[in-house]
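# Need coordinates for the following:
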Amino acid sequence: MKTLVKKMRSFLRSEDGPTVTEYAVMLALVIVVCIAGITLIGSKVKSIFTTISGGLPPGS
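Prediction:
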């Protein structure tokens, strides 16, 4: 257990810890932007298909 704590301390003190944190924050922001874009595009596509299906003649 002590070796794990020592390894964590050395990792957080080195430059790798902040770099990994920065990349994690950037990845989270990219994911949020992608989800927002997909949601926006999805609602527009749904409205387009609704308009198209409303203009089609009824099936048999």
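
# Determine the three-state secondary structure at Thr19.
helix (DSSP: H, G, I helix; E, B strand; the rest coil).

# Look up how far Leu27 lies from it.
Distance from Thr19 to Leu27, counting by CB to CB, to the nearest Å: 13 Å. Heads up, the C-betas are built off the backbone N, CA and C, glycines and all.

# Who are the packing partners of the helix or strand of the chain with the lowest mean pLDDT?
The helix or strand of the chain with the poorest confidence is helix 2-13; it has a mean of 79 (mean pLDDT, DSSP states H and E). With contacts taken as 3 or more CB pairs under 8 Å, 6 or more residues apart in numbering; DSSP states H and E, helix 2-13 sits against no other helix or strand.

# What helix or strand is the residue most central in space within the chain located in?
Geometric centre of the chain, nearest residue: Ile31, 1.8 Å, by CA atoms, centre = their mean. Assigned by DSSP states H and E, Ile31 belongs to helix 16-55.
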